[in-house]
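>>> Need a 3D model of the sequence below.
(chains A, B, C and D)
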Protein chains: 4
Amino acid sequence: MTLKTPREYIDSLRYLRENLYLFGEKVKNRVDHPIIRPSVNSVAMTYKLAHEPESKDLAVAESMFAGKKVSRFNSVFGSTEDMVKKVKLQRELGQRTASCFQRCVGMDGINAVFSTTYEIDQKHKTEYHQRFRKWLEWVQDNDLCVAGAMTDAKGNRGLAPSQQADPDMFVHIVERRKDGIVLKGAKANITGAANSHEMLIMPTLRMREGEEDYSVACAIPTDAEGVTLIYGRQSGDTRKLEDGDIDVGNYNFGGQEILIILDNVFVPWERVFMCGEAEFSIMLVDRFAGYHRQSYGGCKTGMGDVLIGATALIAEYNGVRKAHHIRDKIGEMIHLNETVYGCGLCCAYEGWKTKAGNYQCNILLANVCKLNVTRFPYELTRLAEDVAGGILATAPSEKDFRAPVTGGYIDKYLRGVPEVPTEARYRILTLIQAMCEGVVAPSYRTESMHGAGSPQAQKITIERETDMDLKQSLARSIAGIDKREDPLDPASRGGWKSPA
Amino acid sequence: MTLKTPREYIDSLRYLRENLYLFGEKVKNRVDHPIIRPSVNSVAMTYKLAHEPESKDLAVAESMFAGKKVSRFNSVFGSTEDMVKKVKLQRELGQRTASCFQRCVGMDGINAVFSTTYEIDQKHKTEYHQRFRKWLEWVQDNDLCVAGAMTDAKGNRGLAPSQQADPDMFVHIVERRKDGIVLKGAKANITGAANSHEMLIMPTLRMREGEEDYSVACAIPTDAEGVTLIYGRQSGDTRKLEDGDIDVGNYNFGGQEILIILDNVFVPWERVFMCGEAEFSIMLVDRFAGYHRQSYGGCKTGMGDVLIGATALIAEYNGVRKAHHIRDKIGEMIHLNETVYGCGLCCAYEGWKTKAGNYQCNILLANVCKLNVTRFPYELTRLAEDVAGGILATAPSEKDFRAPVTGGYIDKYLRGVPEVPTEARYRILTLIQAMCEGVVAPSYRTESMHGAGSPQAQKITIERETDMDLKQSLARSIAGIDKREDPLDPASRGGWKSPA
Amino acid sequence: MTLKTPREYIDSLRYLRENLYLFGEKVKNRVDHPIIRPSVNSVAMTYKLAHEPESKDLAVAESMFAGKKVSRFNSVFGSTEDMVKKVKLQRELGQRTASCFQRCVGMDGINAVFSTTYEIDQKHKTEYHQRFRKWLEWVQDNDLCVAGAMTDAKGNRGLAPSQQADPDMFVHIVERRKDGIVLKGAKANITGAANSHEMLIMPTLRMREGEEDYSVACAIPTDAEGVTLIYGRQSGDTRKLEDGDIDVGNYNFGGQEILIILDNVFVPWERVFMCGEAEFSIMLVDRFAGYHRQSYGGCKTGMGDVLIGATALIAEYNGVRKAHHIRDKIGEMIHLNETVYGCGLCCAYEGWKTKAGNYQCNILLANVCKLNVTRFPYELTRLAEDVAGGILATAPSEKDFRAPVTGGYIDKYLRGVPEVPTEARYRILTLIQAMCEGVVAPSYRTESMHGAGSPQAQKITIERETDMDLKQSLARSIAGIDKREDPLDPASRGGWKSPA
Amino acid sequence: MTLKTPREYIDSLRYLRENLYLFGEKVKNRVDHPIIRPSVNSVAMTYKLAHEPESKDLAVAESMFAGKKVSRFNSVFGSTEDMVKKVKLQRELGQRTASCFQRCVGMDGINAVFSTTYEIDQKHKTEYHQRFRKWLEWVQDNDLCVAGAMTDAKGNRGLAPSQQADPDMFVHIVERRKDGIVLKGAKANITGAANSHEMLIMPTLRMREGEEDYSVACAIPTDAEGVTLIYGRQSGDTRKLEDGDIDVGNYNFGGQEILIILDNVFVPWERVFMCGEAEFSIMLVDRFAGYHRQSYGGCKTGMGDVLIGATALIAEYNGVRKAHHIRDKIGEMIHLNETVYGCGLCCAYEGWKTKAGNYQCNILLANVCKLNVTRFPYELTRLAEDVAGGILATAPSEKDFRAPVTGGYIDKYLRGVPEVPTEARYRILTLIQAMCEGVVAPSYRTESMHGAGSPQAQKITIERETDMDLKQSLARSIAGIDKREDPLDPASRGGWKSPA
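Below is the predicted model of the structure:
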């Protein structure tokens, strides 16, 4: 086993071709750039856990191939227990980074492509699955970081890919060559792409007949020829460029979203895992979405733990930790956070084995999990802002706090209970501010809303995945429209049918 | 194995001493009384499932003693899987009866008493656990129905048992004899007590020093000398006495709540399982509450399935099943229902083994489950009323529908889409009405609120069961109050500590 | 002035033709029928207030014609202040009856027909408005009770009136005679119709070209030839037939919903106020809906006051009135109730004068009011059930309470704090039960949902009534898409335009 | 009349003593500082409206003294209509600035001090009211900008002012001189203080006996000797220092919160309006809070209009404006926004005349208004984030958009519908981002939560201001605990009593 250390991982990024842009300029050294480094650190944490005795069991998985130990983020789920460990790993990483650690899209994409390629091959006598396993083993062996890249630019959201005025609004094949294919388009807001070695391209929605060129899955190095990366802004991002560390809120860790441009990128056949099988795009999307909607039950509850802890601390620092309404609000935050976690766990436990042999989580429950994620972190931030007090969004700068004239005043007047230094109170306030309105908000709020699909996507899937026929026949039996069940008659069954 | 058939169960009730009162009179034949029979049928369904090939796996459990097959409702949970099956069994029964089937309090009480008696014995060298196992084996062998009886009359809710003006407001020991103890007091709103052979008495809250006489657990036949049962009313209960079946809403099945009076009831020692060990009362209460708060994740989602099905049907009968806002509301109902179910499942999967060897569900997650139950079924009824239309609460009587003059008018004018007979629409409307405002509402709404403890009890438990120290230390580390975690330093750990 | 006394009103009902059916039979004496009488009492209260010195100012209005004093329920609103008084009158009546008092549909219909007929006449040179004023003056002079009758049977809700398989699913003209018209169809769930002398027929939705026969408004005596009334059931209605008064919850007062059959009913021309002017149907519907959606800001807050008071009392009787979570929940109930009231008031204050001279409330704000009514009373009932405790839905019957054996037990064990008689606690519990799940629930819940149109109707109106162009231009200006406003340049105006 | 023009106002700020700190340094020219200027512009807008023909009626008020025309922000409310105009003025300013325009605290403070000083004088034979009127006339005549300064540093929130370890945690009198008093302490997060000429100091909570030195109200020039101002940070504030204007979101306008240090500031007697009358502190606080909790019904709905408009535009730019779920969400945003507005209006209309002759809004309804403000803007931001899509929080920088390599890619790939330039979409996204998570969020979210007191303060006031005795007696009458009202008996009154 050669699992990378955090340092090895970070150093490996230094060898990537310079293709990342930030504030209109090409970034020379992405690893040490103060705006980017926190996001690198968050990924590094995923490597660190694989070496910790206490976390190894979560962070390292048994590979389905040849029994090797691999990073769970590069693993194929061999059991429901593996998916449970995934969620627990995500919660722990959310707790320790209070940010997006960027590797879940890759992990979830790997598993969706794994099972979908198997079924494409079965139908079409293709060889995608073997290719994919080969690529995956190489990724595992080198312990690479893989970004999942699904979301397209999309243009007019009311039109299908093939109806767009600009055909590039969805990534598509512009040329089929003997040795491979050439892609054009963009993948938008791709988590951690500039911190990854590889990216796994997947279609973003159900493709129809005639959209074969859009039905493409493949692996591309993030620094391949023709790939350009543009760094997304976050609220409060430039605070990382200021002196001091308080105003950032979360100084060491961060998320990262990248606009990926694919400008005639060549992909050799051995890296192509779907190429024109439009009817399988929805299977890939659904399975990926199932996995990834579950993921939010892990990472966001870990971040929620930090926010709950910060909220309890600020209440203590303010001298009101025991007030009934404060306790009630913190209790509510815990309740909502654990509801999300429970949903994340149960869809793992209720998973099933695919034809390819890996495990898929329960898709209905995974969507239920994610739909709660589009609501509850927002309520947690609201409650945190309530408990923290107005100072949350109006505190002076750290520079004022360090300066001679203003520093003394601030130290004196922004103190809460006298036992706690003003600086501690300051720090907790900026952490809460960062999670609610600052640099963490894109991870904790917007990503909770839109990551793995917007709420409407979950609503539609929930509707589709439920057995309405059963529910309606139950109602008809109880109401006496169909024959009612007679408890004394063993042959009478009412609206109920056996579970599959 | 001699698992009772539904008929054997029903007939066995005929032998109980007449001690049940309804509308001020002693009930001669409780089994065939039109108001009571639906509740008997619901219990009978629990017996029926044990004989069904498709449901057996859920309804029958392997006993921890001697490998016998016993009713799951009388079983001790031997694994987390047993608790998962419990929830699935409850959902199925909720689906098939659209009512409370009354046996969960007993099952959950059995498991809580099982593990608590073991720990009392360990500390006090008592022999409660062996007594309890003996009683339980007898219950299992005879496949009896056991009512759990925990809630006391409580009097002034602001005062402890020993502070009440009337000492009988909590069940207590009035005499300790050589051969047993004598109890006085009442257990209030006890589910299914008149349909049970035995009842398992448990203390209702944490007892303090000086409240030894209130710290009592034991088993009593429901028709023992000194026991009087008074039947609780339900909205729309007397519709069961009318001709016809439509207006009842749920004609075949129902719930049952009983006020149990214990007027100097003698209990022999072999049936006494706690007697004065005040400090163990809270363990018993908490474990019971944990199990029982989980139970609502099963039964109420089964009832929710019926309500969702009925709502979809009425939308179809009204001709608006495809309308976007209707679909959105039904999708929301499913989402909320499955959120509850997911919480019920995950606390089972995340259970742990007690010292006594049986399994306890995760108490934090079980409380989270129940707190959602105090909210979501209410929202489901609101949405069902929205979709159903105002006719829900204003339709004429079945008698009008059957009568010569009015019948024709109603048949003509209460029709929705012409393809569906008016009677079918009528029946679905009364089912929804029954669940929202009628005879099922006490089970689906009020019991969701107060069964297994009111919402405030869950809030307090959630607060207590969460690891706030961890959460606060996470926040202090991220904020830089404590040393921040360095991803490159293996020795650096931030606020995080290993999971227990 | 000859405003009827309550007794005169009640006696006047005795002269109506017997055309009311209940439980399949024709009702001989509706006034003294125990199920119907409470609804008569509620209407009688509207007459009583007109004679009370303290309430007169609310209950009696200056007629726009000849300065007579008339019942506000039969008045035309001459100012915004008149509409404010309407809401305050409704709140008071809700407080004093804890039920629907049934006269608002008539009042709101009168005002909508008043202004719409004026505008029809302006366009079509018809004489509807004069006819209507004449009829209205007669109603005012005789202080009659008028039921507004708008909702049709509707059949397939996905189809327009003219598309229905059965043409009678919406009330329509089957014959135009020299002396009048003949109507066929039904009006469904019409509030208070059996307690009214007159009914005011109005179309239920926007009629299209080709639906002239469905575009009809007119006044019909409730006992006219061809009119049949069928009484709607309510949860717990037959408790009024039992001995005792406790179990009913609200013994003296009640609501009433009637299915009205119009079987070839002749209407003379002087009572016809719209006859084929399809394009005006939507004006009539919208104005009526505006008025009536406001009305819920009055009556339901009055009922909410009773429920809040009952909830505070049960908390006191239980000994927990001071507990923080109880106070918080009661505070929340007040907050929600007053939010509804505030919305009801403001749409009156922000009203405008119609061409006919009477006042219309602000339609946007009235719809906002009603949409809150479809949500908040439901939350109030949920909170009331929370505070009340499980006994709410499981208490024994009054007969048990009065009976020799069980009475003593109940008196002893259902007592809360010792200072309060058990009977008082009993009575408050049944009142809450009645409002949440019993005989008042159709008025307090279902009517809140569907009265004056279902929530979707409000959503659509709110969307239509808002000035989206203004809002969008504001956003474009702030964002700098349009020229930004320069605060120093008086000519610069940004996205803003002057209020109309 | 000499109402200042916007330019005159801005220039007047140039004469203020330099006592403002930002990022640890003294600000030389606050008016032209890029971070501060937008907040100056927002105040300037309040001056601009007074000169606009269309807005004058809202922005200019008749003074109660000598019939002069004065800025409404410096006016005393002479009627309920004046308070209605206040709310409408606030909504318009919120619409035109999409930010806090900072003058409401002063206006609301002026009115609270006006009526409270009158009542102090009545009791204590003091002359505060005359002093205050004199100061106010001077303010009106010079059309000055007044900051209301109420919130103290507060230290340990669990302790009263006199119990604090540091006595300066609440502003207090440290010396009483012949010619005036000397104050020490800080006022925290004071809106617009650096843009104001004067500040009106008021106590922050109910003072008790022994806290006479804390019971102080007075007027101080913002640049008086001993006054130091420290500028509060906002999420994304330094984006204003970058080239370009898109990334700021709201480039021209902004809010401002200031930490005011009072370090032994002398106040001459003619500027002192309360000095030791502890028992009147709560009257002042309550009246101010009443006015100011109403204010949020104006300004925040104006900001809400901008957010709703932006949300509708982004939906249009994305090509999904007609999708049902999008329309439903925008409709919900309107509904919530108008609910807040309705509450703001109704408490004005239902106001009452104080002894001093000015008008006070209804305090119960004003608190209801504000409690909704602590909830609904949060839900509006959540819905806006939902509709906008994930790009909201991940878009590249304007610099990337303007740069040669990346600019073309961004222009191509971030386009929505082809008819709309990418830049327009960009701008709307950053506006929404600013309101949800960026520079406007402190105004639109945190201020909505904590401005004019945190939600718990509203809950407590709502509980206190409601007539629970009436509500309980209503319930007792309906339930039959007290005598029930007989509708036929004019002397029977049930639980109801006449309105005050």
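
>>> Quick check: beta-bridge partners of residue A:175?
Under DSSP bridges, the beta-bridge partners of residue A:175 are residue A:182.

>>> tell me the SS of residue A:274?
What DSSP: H, G, I helix; E, B strand; the rest coil gives for residue A:274 is strand.

>>> Helices along the stretch 351-500 of chain A, start to end?
For the stretch 351-500 of chain A, the helices defined by DSSP state H, counting those that start in this stretch cover A:363-373, A:376-388, A:398-402, A:404-413, A:422-436, A:441, A:447-450, A:455-465, A:468-479.

>>> Show me what the one helix or strand residue A:341 maps to is packed against.
Using DSSP states H and E, the element containing residue A:341 is helix A:324-349. The contact analysis (3 or more CB pairs under 8 Å, 6 or more residues apart in numbering or on different chains; DSSP states H and E) places helix A:324-349 against helix A:80-97, helix A:281-318, helix A:363-373, helix A:376-388, helix B:324-349, helix B:363-373, helix B:455-465, helix C:324-349. (Glycine included, C-beta is placed from N, CA and C.)

>>> sorry, back to before: in JSON lines: the helices of the stretch 351-500 of chain A, plus mean neighbour count, distance to residue C:460 and mean pLDDT.
Putting the helices of the stretch 351-500 of chain A into JSON lines (neighbours: other CB atoms under 10 Å in any protein chain shown; distance: least, CB to CB, whole Å; pLDDT from 0 to 100) gives the following:
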{"stretch": "helix A:363-373", "mean neighbour count": "29", "distance to residue C:460": "25", "mean pLDDT": "98"}
{"stretch": "helix A:376-388", "mean neighbour count": "25", "distance to residue C:460": "26", "mean pLDDT": "98"}
{"stretch": "helix A:398-402", "mean neighbour count": "21", "distance to residue C:460": "51", "mean pLDDT": "97"}
{"stretch": "helix A:404-413", "mean neighbour count": "18", "distance to residue C:460": "52", "mean pLDDT": "96"}
{"stretch": "helix A:422-436", "mean neighbour count": "27", "distance to residue C:460": "34", "mean pLDDT": "97"}
{"stretch": "helix A:441", "mean neighbour count": "29", "distance to residue C:460": "34", "mean pLDDT": "95"}
{"stretch": "helix A:447-450", "mean neighbour count": "25", "distance to residue C:460": "26", "mean pLDDT": "96"}
{"stretch": "helix A:455-465", "mean neighbour count": "20", "distance to residue C:460": "19", "mean pLDDT": "96"}
{"stretch": "helix A:468-479", "mean neighbour count": "24", "distance to residue C:460": "26", "mean pLDDT": "96"}
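
>>> now the ones you listed as a markdown table including distance to chain D?
Shown next, in a markdown table, are those (distance: least, CB to the nearest CB, whole Å):
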| stretch | distance to chain D |
| --- | --- |
| helix A:363-373 | 11 |
| helix A:376-388 | 5 |
| helix A:398-402 | 4 |
| helix A:404-413 | 4 |
| helix A:422-436 | 7 |
| helix A:441 | 4 |
| helix A:447-450 | 3 |
| helix A:455-465 | 5 |
| helix A:468-479 | 19 |
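
>>> what does the stretch 201-350 of chain A put close to chain C?
With CB under 8 Å from any CB of the partner chain as the criterion, the stretch 201-350 of chain A comes near chain C at residues A:324, A:325, A:328.

>>> Show the buried residues in the residues you listed.
For these, a burial check counting by 16 or more other CB atoms under 10 Å in any protein chain shown picks out A:325, A:328.

>>> which stretches of the stretch 201-350 of chain A have low pLDDT?
Along the stretch 201-350 of chain A, no part satisfies pLDDT under 70.

>>> since we're on the residue of the stretch 201-350 of chain A found nearest chain B, how many residues are nearby?
Residue nearest to chain B within the stretch 201-350 of chain A: residue A:309 (3.2 Å; CB to the nearest CB). By the criterion of other CB atoms under 10 Å in any protein chain shown, residue A:309 has 29 neighbours.

>>> So residue A:72 is in contact with residue A:62, correct?
No - with contact defined as CB atoms under 8 Å, residue A:72 and residue A:62 do not form a contacting pair (9.8 Å).

>>> The two: which has the busier surroundings?
Neighbours were counted for residue A:72 and for residue A:62 using other CB under 10 Å; residue A:72 has more, 24 against 16.
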